[in-house]
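**Q** coordinates only, sequence not included:
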């Protein structure tokens, strides 16, 4: 990732890298089924399958850097934030117009990030969330092993799904447990 960051010094270059990431992911998706028995597991946890998600984060990073020059920041931020619930609804209900639904999380979280930068809502941008931001890389480094342990070595997530909650409530409960 430092290599990718070093090569993408602008929004334009990051978008080009996103196109390359989509091509790599498509190639990976097309050949992985011939190499392993459970291709879905590899696709959903491999850097090759998830490279576009990472690139959306880099694009959002450069958008924030460029946002200092924008006029109407608050309006743009409000529009981006207003789009997030709609995007979330489309993703969780399988209504994405094309491609794997997981890739649509990248633009959604990009809109959330840039929107909160442009229009920092006190409920979401405060001392506690700034602290979480400061430790987020550490959380990022350990979240996959925690999820694997909870998903494959215990029945905790199965019990959460068995509660019969809606997708949003199930996600919130699983997220809370994962971060606990």
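**A** It's in. Everything numeric here is computed off the predicted structure, so don't read it as measured data.
**Q** next one: stretch 106-118 to chain centre, how far?
**A** Relative to its chain's centre, stretch 106-118 lies at 10 Å (C-alpha atoms, centre = their mean, to the nearest Å).
**Q** which residues touch residue 76?
**A** By C-beta atoms under 8 Å, 6 or more residues apart in numbering, the contact set of residue 76 is 67, 70, 115, 118. No exception for glycine: its C-beta is placed from N, CA and C like everyone else's.
**Q** What helix or strand is it located in?
**A** helix 73-92 (DSSP states H and E).
**Q** Buried residues, the helix-or-strand element of the chain with minimal mean pLDDT. List them.
**A** Using mean pLDDT, DSSP states H and E, the weakest-scoring helix or strand in the chain turns out to be helix 39-45, at a mean of 77. By neighbour count on 16 or more other C-beta atoms under 10 Å, the buried set for helix 39-45 is 39, 42, 43.
**Q** The residue nearest to residue 56 when sequence neighbours are not counted is in what secondary structure piece?
**A** Leaving aside its sequence neighbours, residue 56 sits nearest to residue 106 (C-beta to C-beta, 6 or more residues apart in numbering; 2.8 Å). Using DSSP H and E, residue 106 sits in helix 105-118.
**Q** Distance of residue 89 relative to residue 55?
**A** Residue 89 sits 24 Å away from residue 55, going by C-beta to C-beta, to the nearest Å.
**Q** Check residue 161 too.
**A** For residue 161, the distance to residue 55 (C-beta to C-beta) stands at 30 Å.
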